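S.K.: Below are the sequence and a predicted model for it; my questions follow.
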2 protein chains.
Amino acid sequence: MSKTLVFGHKNPDTDTITSAIVYAYLKQQLGVDAEAVRLGELNNETKYALEKFNFEAPRLIANVKDEAAHVILVDHNEFQQSADGIEDVQITEVIDHHRIANFTTADPLYFRAEPVGCTATILNKLFKENNVEIPANIAGLMLSAIISDTLLFKSPTCTEQDVKAGEELAAIANVDTAQYGLAMLKAGADLSDKSLED
Amino acid sequence: MSKTLVFGHKNPDTDTITSAIVYAYLKQQLGVDAEAVRLGELNNETKYALEKFNFEAPRLIANVKDEAAHVILVDHNEFQQSADGIEDVQITEVIDHHRIANFTTADPLYFRAEPVGCTATILNKLFKENNVEIPANIAGLMLSAIISDTLLFKSPTCTEQDVKAGEELAAIANVDTAQYGLAMLKAGADLSDKSLED
Ligand SMILES: [Mn+2]
Ligand SMILES: [Mn+2]
Ligand SMILES: [Mn+2]
Ligand SMILES: [Mn+2]
């Protein structure tokens, strides 16, 4: 079987990048030749999270049709937010937490969308359902995604499930969520005006 | 919270009718005021299955907009196969095993599609994930759906997951799958030419 690419949306955020890495890892454990890729430049918050948990940035791709025949979408489903060439490849799975629109397939697929605050909250369930253990650094990435999407559990989109997943993942990653979360969100804020630090 | 209607596609088959009944039951156990309804006349196979396991036919509805504000779709997602008025109500969940097309929502929802042979195979997982026990007569309906959609596990759409779910459900329902399955499929075949029975 040829390689399956896993990616989130254009203008990637922390959930999109980490969910691609995390779900590619889970699929690899399940025997799929999966590779996480990205559709755009990393923001500073995401760079901070990857560095903290010792991950490289996924490879940047242009037109997906030139790269693979099978793809998995995370953290999005609308084609206009997805890779160029998405209409020309087979989407085998979607894991997302957004409304569904501008999405269509010719064949049945695994499509898992839930009305929660973050893709990582759904991925946390998928590890359990597949009986795959979450390594500490993978848990750190998932926690980073939840902190980012829910603004440290304060956004109106944050659900009880996100809070519970965050607690579980912080324990596995052995991270102080409030302390790390504030540092990560601060790294993402634009502090180009240095007088703030004066 | 107002009532949530659960229904499958127009021109209902056994999976559509039984999955509406079964998923409404599961949602009721989880505290949701759910009612199974149908969009068309029952076929003889479905009547046979409902009678065997002592269920009434769900209520027939016309335009869904006149009935409820919230709905759950089973065994379909394409709007042209769904209830009249579907664009005017909120779809809170979809449980399906078909390709995705002509489907859109304004808000995030629970959308669970899997590339398996029958909706009941996915519902079997949802009972487990929600820690709800499957009563014997509900298991009988689910087994009927799998037998119908996979033609007793012989269709090209039948997966290992359908076979395994069928075995589990037959044990709970205490049914001889081959014997019951042939009788159900035969009830659904058009035997109007009585000379066959001569
Ligand atoms: Mn995102
Ligand atoms: Mn997200
Ligand atoms: Mn059907
Ligand atoms: Mn079906």
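M.R.: In hand now; what should we look at? Ligands and ions are numbered 1, 2, ... in the order given.
S.K.: any idea how far residue A:90 is from residue A:104?
M.R.: Residue A:90 is 12 Å from residue A:104, where distance means CB to CB, to the nearest Å. To be clear about C-beta, it is placed using only N, CA and C from the backbone, and glycine gets the same treatment.
S.K.: How about residue A:128?
M.R.: In terms of CB to CB, residue A:128 sits 30 Å off from residue A:104.
S.K.: does the strand ranked longest in chain A come close to ligand 1?
M.R.: In chain A, with assignment by DSSP state E, the single longest strand is strand A:90-96. No: contact between strand A:90-96 and ligand 1 is absent, the nearest approach being 9.2 Å (criterion: CB under 5 Å from the ion).
S.K.: packing partners for that strand?
M.R.: strand A:70-74, strand A:110-113, helix A:119-129 (3 or more CB pairs under 8 Å, 6 or more residues apart in numbering or on different chains; DSSP states H and E).
S.K.: Ligand 4 is nearest to which of those?
M.R.: Closest to ligand 4 of these is strand A:110-113 (CB to the ion; 15.4 Å).
S.K.: can you tell me if the closest one touches chain B.
M.R.: Yes: using CB under 8 Å from any CB of the partner chain, strand A:110-113 reaches chain B at A:110-113.
S.K.: out of the residues you listed, who's nearest residue B:182?
M.R.: residue A:110 (31.7 Å; CB to CB).
S.K.: how close does that closest one sit to ligand 3?
M.R.: Relative to ligand 3, residue A:110 is positioned 19 Å away (CB to the ion, to the nearest Å).
S.K.: hey, what's that residue bridged with?
M.R.: Counting by DSSP bridges, residue A:110 is bridged to residue A:93.
S.K.: For it, list the residues it contacts.
M.R.: By CB atoms under 8 Å, 6 or more residues apart in numbering or on different chains, residue A:110 lies in contact with A:92-94, B:113-115.
S.K.: again, but for residue A:18
M.R.: Under the criterion of CB under 8 Å, 6+ apart, the neighbours of residue A:18 are A:46, A:49-50, A:120, A:141-142, A:144-145.
S.K.: Ok, residue A:60 next?
M.R.: A:37-41.
S.K.: run the last query once more with 6 Å
M.R.: residue A:38 (CB atoms under 6 Å, 6 or more residues apart in numbering or on different chains).
S.K.: how about the longest strand of chain A, does it reach ligand 2?
M.R.: No: using CB under 5 Å from the ion, strand A:90-96 stays clear of ligand 2, coming no nearer than 7.9 Å.
S.K.: Name the residues that touch that strand?
M.R.: Outside strand A:90-96, the residues within contact range by CB under 6 Å, 6+ apart are A:70-74, A:77, A:105, A:109-113, A:119, A:122.
S.K.: Now render those as TSV, adding distance to ligand 2.
M.R.: Putting the contacts of strand A:90-96 into TSV (distance: CB to the ion, whole Å) gives the following:
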residue	distance to ligand 2
A:70	22
A:71	18
A:72	15
A:73	12
A:74	9
A:77	12
A:105	21
A:109	20
A:110	18
A:111	16
A:112	14
A:113	11
A:119	5
A:122	10
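S.K.: among those residues, which ones are buried?
M.R.: A:70-74, A:77, A:105, A:109, A:111-113, A:119, A:122 (16 or more other CB atoms under 10 Å in any protein chain shown).
S.K.: Please, which helix or strand holds residue A:101?
M.R.: Assigned by DSSP states H and E, residue A:101 belongs to neither a helix nor a strand.
S.K.: try residue A:24
M.R.: helix A:14-29.
S.K.: who does the following helix or strand past that helix touch, helix- and strand-wise?
M.R.: Heading C-terminal from helix A:14-29, the first helix or strand you meet, by DSSP H and E, is strand A:34-38. Secondary-structure packing of strand A:34-38 (3 or more CB pairs under 6 Å, 6 or more residues apart in numbering or on different chains; DSSP states H and E): strand A:4-7, helix A:14-29.
S.K.: Adjacent strands (with direction) for the first one?
M.R.: Going back to what we said before, that points to strand A:4-7. Strand A:4-7 pairs in its sheet with strand A:34-38 (parallel), strand A:70-74 (parallel), by DSSP bridges.
S.K.: With only the CA atoms kept, save the first one in CSV.
M.R.: Right, the one you point to is strand A:34-38. Only the C-alpha atoms of strand A:34-38 are listed here, as CSV (Å, rounded to 0.1, in the frame of the first residue of the first chain):
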residue,chain,number,x,y,z
ALA,A,34,1.3,7.5,7.2
GLU,A,35,3.3,10.7,7.0
ALA,A,36,2.3,14.1,8.5
VAL,A,37,2.7,17.0,6.2
ARG,A,38,1.7,20.7,6.3
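S.K.: Which element is encountered next along the chain beyond it?
M.R.: Counting by DSSP H and E, what follows strand A:34-38 is helix A:44-52.
S.K.: mind checking how far the closest residue to ligand 2 within chain A is from ligand 3?
M.R.: In chain A, no residue comes nearer to ligand 2 than residue A:15, which is 3.4 Å away by CB to the ion. With distances taken as CB to the ion, residue A:15 is found 34 Å from ligand 3.
S.K.: Residue A:99 reaches residue B:111, doesn't it?
M.R.: No: with contact defined as CB atoms under 6 Å, residue A:99 does not reach residue B:111; the gap is 9.8 Å.
S.K.: Just give the number of residues close to the residue in chain A that ligand 3 sits nearest to.
M.R.: Residue nearest to ligand 3 within chain A (CB to the ion): residue A:108, separated by 12.4 Å. For residue A:108, the count of nearby residues is 18 (other CB atoms under 10 Å in any protein chain shown).
S.K.: Around ligand 1, pick out the residues from chain A.
M.R.: With CB under 5 Å from the ion as the criterion, chain A meets ligand 1 at residues A:13, A:15-16, A:75.
S.K.: tell me the contacts of residue A:73?
M.R.: Each residue near residue A:73 by CB under 6 Å, 6+ apart is listed here: residue A:94.
S.K.: my bad, should have said residue A:141
M.R.: Residues near residue A:141 by CB under 6 Å, 6+ apart: A:18, A:22, A:53.
S.K.: and if you look at residue A:172?
M.R.: Contacts of residue A:172 (CB under 6 Å, 6+ apart): A:134, A:136, A:139.
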